[in-house]
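A.B. asks: Return a 3D structure for these sequence lines:
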Amino acid sequence: MNKPCVALAFLYTLTATALAFLYRSGTSLLVVALVNALLGFPLGFKRCRFVFLLLLLAIWGVFLNSLLVANTGEAVLQTWFLTIRSGVFEAVARIGARLITIAGAALFFVSLYTPREIVKGLEAELMLPKIISFPLAYGLRLLPVLAKDWNEVKTSRKQRGYRTVPLTPSDIASYLQPILSLSIERALWTGIAIELRGFHSRRPRRVEIRLSLPDYLLVFLLVFQLSLPILYP
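C.D. replies: Below is the predicted model of the structure:
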């Protein structure tokens, strides 16, 4: 299966992420979120499932925060102790669309290439310095490792009789603290390992970019998303 060149996919991901913050129109945001969700979610479902859980937790946090700061407008849902107004749903839709856009674009890039392909592509095609391409590829390589760590913490909590779905700040902290400690330890020893293997003497080879059909399709999607303010002013 042909894939877009790494340089173009990387630029697409950066542009889609920028559009998530730049667009203010609700329609444009929703269209961009839909395009990137369809592009990245099917590819990332098997390799990075924990990203979907983090996305749901983020949207849930946005909803709780919106209840405090954006609960204005017409009443939409009313219970015996709380009235949820239209401003809450509008805020969740806008911020949720931005989160979905960023997650979809990132999953598209991460799931399509191996870390080795990313390093070679960014250095040879985009001519990024190795001090940028290597950390970027390493961070992407950690995503499936972080998913494994997440499952191990989840299993540990289950064996101790705690709930496996983090709902409170203390639950989230019990997941993030061990994962953060492991990540720092890995980063330290990875840095030592690449220095011992001659990181500073590496000389990348430049290659010419040759576009194929997947590249043109990706360019079309990018141009379409950039033109949304014209279509939905």
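
A.B. asks: Point out where the chain drops to low pLDDT.
C.D. replies: Along the chain, segments meeting pLDDT under 70 span 1, 47-48, 128-131, 133, 136-141, 143, 165-168, 194-208, 233.

A.B. asks: Which element, helix or strand, includes the most centrally placed residue in it?
C.D. replies: Closest to where the C-alpha atoms of the chain average out (CA atoms, centre = their mean) is residue 103, at 3.2 Å. Using DSSP states H and E, residue 103 maps to helix 86-112.

A.B. asks: residue contacts, residue 117?
C.D. replies: Counting by CB atoms under 8 Å, 6 or more residues apart in numbering, residue 117 touches residue 6. C-beta coordinates here come from the backbone N, C-alpha and C atoms, glycine included.

A.B. asks: how near is it to residue 123?
C.D. replies: Look at residue 117 and residue 123: by CB to CB, to the nearest Å, they are 11 Å apart.

A.B. asks: ok, which stretches of this structure are strands?
C.D. replies: Listed in chain order, the strands of the chain (DSSP state E) span residues 75-78, 83-85.

A.B. asks: Can you lay out those as CSV showing distance to residue 63?
C.D. replies: Output for the strands of the chain, formatted as CSV (distance: least, CB to CB, whole Å):
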stretch, distance to residue 63
strand 75-78, 12
strand 83-85, 9
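
A.B. asks: Please identify the deepest-packed of those.
C.D. replies: strand 83-85 (a mean of 15; mean count of other CB atoms under 10 Å).

A.B. asks: Residues touching that one, excluding its own?
C.D. replies: 67, 71-78.

A.B. asks: mind listing what's buried in stretch 116-123?
C.D. replies: Buried residues in stretch 116-123, counted by 16 or more other CB atoms under 10 Å: 118-123.

A.B. asks: and what of stretch 62-72?
C.D. replies: Those would be 62-63, 66-67, 70-71, for stretch 62-72 by 16+ other CB under 10 Å.

A.B. asks: So what touches stretch 51-62?
C.D. replies: 41, 44-45, 91-92, 95-96, 99-100, 103, 106-107, 143, 147, 150, 166, 172.

A.B. asks: Any chance of a PyMOL selection covering the buried ones in these?
C.D. replies: Buried residues among those (16+ other CB under 10 Å), as a PyMOL selection:
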select buried, resi 41+44+91+92+95+96+99+100+103+106+107+143+147+150+166
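
A.B. asks: one step back: output the contacting helices and strands for the helix holding residue 103.
C.D. replies: Applying 3 or more CB pairs under 8 Å, 6 or more residues apart in numbering; DSSP states H and E, one finds that helix 86-112 contacts helix 6-22, helix 26-44, helix 49-69, strand 75-78, helix 130-159.
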